[in-house]
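**Q** Sharing a model prediction with you, sequence too.
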Amino acid sequence: ASNVDMVNTAHPSFVNMIERMSPDEARLLSYLKGKEDIQYCVFNGNTSNGNGFVTLLDHVTMLDDEVVFSFPQNIGAYLANFVSLGIIKDMNGQYRMDKTIYNKIKDKYNLKQLEAQLVPNSFQSISVEESYYLITDFGKLFIKACIK
């Protein structure tokens, strides 16, 4: 806020938000500059009676291929923190028309191998839900204020 050229991008909550971020989250924030969303998939094993499912892989992304994380196993926690900070919003159930990233996620987590291993012995089928995290306007303002 002390920089006259950047004062319009400052918000009083930004200092507190930075305090609540890890170094890995700072790397993720830098990656998000200029992006609109983070696409993800949820892999579910559908039960044989057709009345339910078991989540096999939850909110998996391509982020660990795009960002060098010290603790890639914490990506889910980083994304949850960004949701709580208002940087991103989970658009659960909505999806992007461009399937390129979704297909990459399915390939990365080897959907065909999962099906071969688990269907029909453990599950009737494997389904994949496609969705994304939207970078909020507030998140874009925060990224603009933090990342040159």
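**A** Perfect, thanks for sending it.

**Q** what sits against Met62?
**A** The contact partners of Met62, taken as C-beta atoms under 8 Å, 6 or more residues apart in numbering, are Gln39, Ile101, Lys104, Ile105, Lys108. (C-beta placed from N, C-alpha, C; glycine too.)

**Q** Just the ones of these in helices?
**A** Secondary structure defined by DSSP state H assigns Ile101, Lys104, Ile105, Lys108 of the contacts of Met62 to helices.

**Q** Kindly indicate which of those residues lies nearest His59.
**A** Comparing the ones in helices among the contacts of Met62 against His59 with C-beta to C-beta picks out Ile105 as the nearest, at 10.3 Å.

**Q** Next up, the contacts around the residue nearest to the closest one when sequence neighbours are not counted.
**A** Using C-beta to C-beta, 6 or more residues apart in numbering and skipping the chain neighbours, the partner closest in space to Ile105 is Cys41 (4.6 Å). Cys41 makes contact with Leu57, His59, Val60, Tyr102, Ile105, Lys106, Tyr109, Val128, Glu129, Glu130, Ser131 under the criterion C-beta under 8 Å, 6+ apart.

**Q** still on that earlier bit, now, of the contacts of Met62, which are buried?
**A** The neighbour-count criterion (16 or more other C-beta atoms under 10 Å) marks Gln39, Ile101, Ile105 among these as buried.

**Q** For the first one, give me its contacts.
**A** Okay, so that is Gln39. Neighbour list for Gln39: Thr61, Met62, Arg96, Ile101, Tyr102, Ile105, Glu130, Ser131, Tyr132 [criterion: C-beta under 8 Å, 6+ apart].

**Q** Adding pLDDT as columns, could you present the buried ones among the contacts of Met62 in TSV?
**A** Shown next, in TSV, are those (pLDDT from 0 to 100):
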residue	pLDDT
Gln39	98
Ile101	98
Ile105	98
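
**Q** Just give me the closest of these to Asn46.
**A** For these, the nearest to Asn46 is Ile105 (18.7 Å; C-beta to C-beta).

**Q** Surely the closest one and Asp64 touch.
**A** No. Judged on C-beta atoms under 8 Å, Ile105 makes no contact with Asp64 at a distance of 11.1 Å.

**Q** Brilliant, that's me finished.
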